[in-house]
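[1] Based on what follows, work out the 3D shape:
(one chain, ligands or ions: 2)
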Amino acid sequence: MWEPMSAERAAVKTDQDLVNNILKLKKERKALILAHNYQRPEVQDLADYVDDSVGLAKRAVEEPDAEVVVHCSVDFMAETAVILNPEKKVLMPSPGARCPMAAMLPAFQIHLWKEKYPGIPIVLYVNTHAETKAECDVCCTSANAVKVVESLDSDTVLFGPDANLAWYVQQKTGKKTIPIPERGFCQTHVLFLKEDILLLKEENPSAEVIAHPECSPEVQKVADFVGSTTQMCTHATNSAASKFIVATEMGILHRLKRENPKKTFIPAYEGAWCVNMKLNTLQRIYLALKEDRYKVEVPRDIARKAKLPLERMFEMMNIDLDAK
Ligand code: 13P
Ligand code: SF4
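    Numbers count the residues shown, from 1 in each chain. Ligands and ions are numbered 1, 2, ... in the order given. From the prediction side, this is the model:
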């Protein structure tokens, strides 16, 4: 909710003032600042860790001394932190940072899909709300979706909400992935077009195309590498190529350039911004720590149910969350 700025807040003027104040509060409050790879450059530079969705889920668990987690991302990632860390206070600097794709599969629809396909396992992308997760068999992220589906003892799975990720998993595993809903999508990743990428490739023949699996199948087919945001960063570092055409949200370019200063990164489309991710600003992080806003809550019974499919996902990745 918008509120007029107090004189005290207005006195904090520059980014450096804000950073200094945030670091002071962070220490006092034993806080951990987590940032997704799409966050604004200044937020990434401030964070303790910058990672993909599964990486952030792990980081919050691996820091037992943290009492507060400031989650600079979107709603479903912050909720995941609450589910896995009920003893910690999780704050979202901007409560409006909500992933539209996660809203495409409300929990009640899961019951309808279950009725239509009885006995078929339900695999849900972490980009879902806690109540929806609570109804599924196992969660996955783009970093581990193939492994999760391969590990299941079924040739067919219901997979949602991203139909493009469902297509990717079907190609990689040879199993049938039935997308639920039929056309769930990310409004940022649908902006990438095969034609734009082919044009850039013509102008930069030595460049590798790296893409996120939320891109359309047509875009994925012209990519040299498809993976999660952190996997894209790792690939860029390990690859012998020195130029990359990048088909994911623009925020990742900051990390790519920081980790690979000698390499060149060309956005596949310069308008690919996730406005939700960009709502987290230094000012809002400062207020989050100063005024304890906005606490992310997941009802206890939902959290308990949603934790099971998340734990199954980590088990399939051979990650023991209790080994902190
Ligand atoms: P990653 O898990 O690859 O970071 O993706 C999350 C996301 O929301 C991509 O749009
Ligand atoms: Fe959701 Fe797409 Fe934004 Fe990722 S980039 S948080 S999937 S809207």
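[2] residue contacts, the residue lying closest to A268 once chain neighbours are set aside?
    Among residues not flanking A268 along the chain, A247 sits closest, at 4.0 Å (Cβ to Cβ, 6 or more residues apart in numbering). All C-beta atoms are positioned from the backbone trio N, CA, C, and that covers glycine. Each residue near A247 by Cβ atoms under 8 Å, 6 or more residues apart in numbering is listed here: 189, 192, 197, 209-212, 215, 219, 223, 268-269, 272.
[3] Export the residues you listed as TSV, with columns for neighbour count.
    Output for those, formatted as TSV (neighbours: other Cβ atoms under 10 Å):
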residue	neighbour count
H189	24
F192	26
I197	23
V209	23
I210	26
A211	26
H212	29
C215	30
V219	27
A223	22
A268	26
Y269	19
A272	23
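[4] Ligand 2 contacts on the stretch 201-324 of the chain?
    E214, E249, C274, N276, M277 (Cβ under 6 Å from any ligand atom).
[5] What is the burial count for the third one?
    C274 has 23 neighbours, counted by other Cβ atoms under 10 Å.
[6] could you dump the residues of the stretch 201-324 of the chain next to ligand 2 to CSV with secondary structure, pLDDT and distance to A166?
    Output for these, formatted as CSV (DSSP: H, G, I helix; E, B strand; the rest coil; pLDDT from 0 to 100; distance: Cβ to Cβ, whole Å):
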residue, secondary structure, pLDDT, distance to A166
E214, coil, 98, 11
E249, coil, 98, 20
C274, coil, 98, 20
N276, coil, 98, 22
M277, helix, 98, 22
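[7] what bridges to L158?
    For L158, the beta-bridge partners are I122, I178 (DSSP bridges).
[8] What score does it have for pLDDT?
    We have a pLDDT of 98 for L158.
[9] Help me confirm that it comes into contact with I180.
    Yes - proximity of L158 to I180 meets the contact threshold set by Cβ atoms under 8 Å, at 5.1 Å.
[10] so what sits against both of these two?
    W113, I122.
[11] So which of those two has more stuff around it?
    Higher neighbour count among L158 and I180: I180, with 26 against 23, using other Cβ under 10 Å.
[12] So for that one, what's the nearest residue that isn't a sequence neighbour?
    Excluding its sequence neighbours, the residue lying closest to I180 (Cβ to Cβ, 6+ apart) is G160, at 3.8 Å.
[13] Tell me the secondary structure of L34, please.
    Classification of L34 using DSSP: H, G, I helix; E, B strand; the rest coil returns strand.
[14] Can you tell me the number of residues neighbouring it?
    Neighbourhood size, L34 [other Cβ under 10 Å]: 26.
[15] Pull up the gap between it and C186, please.
    Per Cβ to Cβ, to the nearest Å, L34 is found 21 Å from C186.
[16] How about A130?
    The gap separating A130 from C186 is 19 Å, by Cβ to Cβ.
[17] related to what we said a few turns ago, quick check: PyMOL command selecting the buried ones in the residues of the stretch 201-324 of the chain next to ligand 2.
    To isolate the buried members of those in PyMOL, using 16 or more other Cβ atoms under 10 Å:
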select buried, resi 214+249+274+276+277
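[18] and the residue nearest to A268, backbone torsions?
    Dihedral angles phi and psi of A247 (degrees, to the nearest 10) take the values phi -110, psi 70.
[19] Check K88 too.
    For K88, the backbone dihedrals (degrees, to the nearest 10) come out as phi -100, psi 150.
[20] which residue sits closest to it, ignoring its sequence neighbours?
    With Cβ to Cβ, 6+ apart as the criterion, K88 has its nearest non-adjacent residue at 5.4 Å, and that residue is V69.
[21] Indicate whether the helix or strand where the one you found lies makes contact with ligand 2.
    Using DSSP states H and E, V69 maps to strand 68-72. No - judged by Cβ under 6 Å from any ligand atom, strand 68-72 makes no contact with ligand 2; its nearest approach is 12.1 Å.
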